[in-house]
Structures are given as C-alpha cells and as structure tokens.
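**Q** Okay, structure incoming, though there's no sequence with it:
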Ligand SMILES: [Zn+2]
C-alpha cells in the first residue's frame, strides 16, 4: 500500500465493501483472509466476522454493498431471489446446499444495502 508520511493515500484505493474511495488509512480494516481494505465507515458498521463474510460473498459473486440500493428489496424480493436461485439450480442440473442458497440471498440483500443483521431480522419475521 502506498501512502505519504501524513497518512494520506497517494493512490486510489476503494473500500472492498461499499466501493467508496478510501482517503485515509485511519480506522480502516484490513482483511486477514482476503485482499481488501474496508473503510472506517464500514469497519464501524459491521462486526469483523460479518466483514469477512461480506468480503467473501463479494469475492464470489461480485458487486458491492448498496450497489442496487435505489431498488426496493423486501421479503417478497427475498422470496423471489430464493425462487430464482432454485430455478437456476434446476436449469444447471445442480444440487446446492441450503448454505449456498443462504449465501446467494444474503449477497442479494447486501447489494441492496441491507446489512447481515437487518437481513437476519427480516428473515426471522418472514419465517414467523
Ligand atoms: Zn466502505
């Protein structure tokens, strides 16, 4: 990583979660498992375990937190996402674990700007 003695970055680095430019290294989170720097905002917003999980999902499926944030995402969207994942699996003649389905839907929630905590709360309400 390149930064000047004042701590200001001399090269453009984007947050691996929200995709915003990181202008200072103060308070950033450096992933231990994946190459990625997370801005202070995201580091403050998500617990470290969630950060690693989010980075893993964006590494696997692409996108970033809030990419589709202007589009609505409700429980109905969640259910549709689940159905679409199921349809795609059938088309591809694949078997998929419930964990993979959960990962794909969690990824959809994340690109709609929904945090893992919000997602889990929505899911709990939906299942009641
Ligand atoms: Zn960020």
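**A** Sure, I can see it. Since we're looking at a predicted model, the values are computed, not measured.

**Q** buried set for the helix ranked longest in the chain?
**A** Longest helix in the chain, counting residues (DSSP state H): helix 75-91. For helix 75-91, the neighbour count (16 or more other Cβ atoms under 10 Å) marks 77-78, 81, 85 as buried. Glycine gets a C-beta too; all of them are placed from N, C-alpha and C.

**Q** Export those residues as a markdown table, with columns for pLDDT.
**A** As requested, these are exported to a markdown table (pLDDT from 0 to 100):
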| residue | pLDDT |
| --- | --- |
| 77 | 74 |
| 78 | 72 |
| 81 | 73 |
| 85 | 76 |
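
**Q** What's the local residue count around residue 13?
**A** Per other Cβ atoms under 10 Å, the neighbour tally for residue 13 reads 18.

**Q** what's near enough to touch residue 80?
**A** Counting by Cβ atoms under 8 Å, 6 or more residues apart in numbering, residue 80 touches no other residue.

**Q** rewinding a little: ok, and which of the buried residues of helix 75-91 reach the ion?
**A** When contact is defined as Cβ under 5 Å from the ion, these do not meet the ion at all.
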